[in-house]
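>>> sequence plus predicted model, see below.
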Amino acid sequence: MGTIVTLISSTPSILPMLTHIPTLVKSSYSLLVQYRLALVGLSSLSIALSLALQTHIKTVTQPDRYTEPSHVPTKTVAIVFGAGVYPDGTLSPMLADRVQGAVTLYQQKRVQKLLMTGDNSTVAYDEVSAMKRYAMKLGVPAHDVTLDYAGFSTYESCYRARAIFGVTQAVLVTQQYHLPRAVYTCRQLGIDAVGLGTPDWQSYSPVVMVPYTMREVASTLKAVWQVKVAHPEPTFLGPFEGIH
């Protein structure tokens, strides 16, 4: 111990550094606290902004969102957004609800054509072909169903509907929680869109709906960024195809 004290005493330049250690530790801790508070504040601001945008989008699209097919204005085409498909090709319950809603619009002559848009990113996973098979099973002729194999998101589905398939007016069919964002996005991308909301909270448990509803808050912020600021092109664009 005496040797250590003697060594420190014989090295005067070390002593001021040692005396500053408590101050440096305190300063580092203070910066860490400020950093964490800034992160909390930024997260809170993002959530508040997302909720405000979601409220605005719900308000501006409310007059053109319907839950009864018989109340939906007549349009040329219904755009049906993809969702989960099981490995055997069976539609998930939510996706089956969407296709059934679109078929009802078709049968009531509210629309003339169905555009199925969804994910076919791999050979083993094909939402839109499964959607078409189900619509045909419910009585829709194959020639009245068009498939968009690269509708990987709401934004990309709306973008491609306008750019690739020439859709200028449409009824959008999806669950009610998703419908405001879908209508808003398609409108911002040049489609005169109204929407038919299929059941969600009325038919599915909170275990199912809470994650979807929470995710929608962040998805709304992303949608506004895409249509107002970033304007990204979809993953795949390709030549014009139209709907025949």
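Cool, the structure landed.
>>> all helices of this protein, in order?
For the chain, helices defined by DSSP state H occupy the ranges 2-9, 14-61, 93-107, 127-137, 154-163, 179-188, 206-225.
>>> quickly, which of these bottoms out on average pLDDT?
Among the helices of the chain, helix 2-9 carries the lowest mean pLDDT, a mean of 50.
>>> OK, contacts around the residue minimising distance to the centre of the chain?
What sits nearest the mean C-alpha location of the chain, by CA atoms, centre = their mean, is S219, with 4.5 Å. Counting by CB atoms under 8 Å, 6 or more residues apart in numbering, S219 touches 154, 181. In this view, the C-beta of every residue, glycine as well, is placed from N, C-alpha and C.
>>> now A135
Contacts of A135 (CB under 8 Å, 6+ apart): 99, 102-103, 114, 116, 145.
>>> how about L147?
Counted by CB under 8 Å, 6+ apart, L147 has contacts 115-116, 128-129, 131-132.
>>> now P69
Applying CB under 8 Å, 6+ apart, we find P69 in contact with 101, 104-105, 108, 110, 196.
>>> per-residue pLDDT, it?
Value listed for P69 in the pLDDT field: 97.
>>> and for the nearest residue to it once chain neighbours are set aside, the neighbour number?
Excluding its sequence neighbours, the residue lying closest to P69 (CB to CB, 6 or more residues apart in numbering) is T104, at 4.5 Å. Here the number of neighbours of T104 (other CB atoms under 10 Å) works out to 20.
>>> equivalent analysis for H231, please.
If you count neighbours by other CB under 10 Å, H231 ends up with 12.
>>> check the one 3 residues further on too.
Neighbourhood size, P234 [other CB under 10 Å]: 19.
>>> neighbours around the residue lying closest to it once chain neighbours are set aside, how many?
Closest residue to P234 apart from its sequence neighbours, by CB to CB, 6+ apart: E156 at 4.0 Å. Counted with other CB under 10 Å, the neighbours of E156 add up to 22.
>>> who touches E156 in this structure?
Neighbours of E156 in contact, by CB under 8 Å, 6+ apart: 150, 234-235.
>>> from those, which is closest to E241?
E241 has its nearest neighbour among the contacts of E156 in A150, at 11.3 Å by CB to CB.
>>> what about that closest one, how many neighbours?
A150, neighbours per other CB under 10 Å, totals 20.
>>> show the buried residues in the contacts of L147.
115-116, 128, 131-132 (16 or more other CB atoms under 10 Å).
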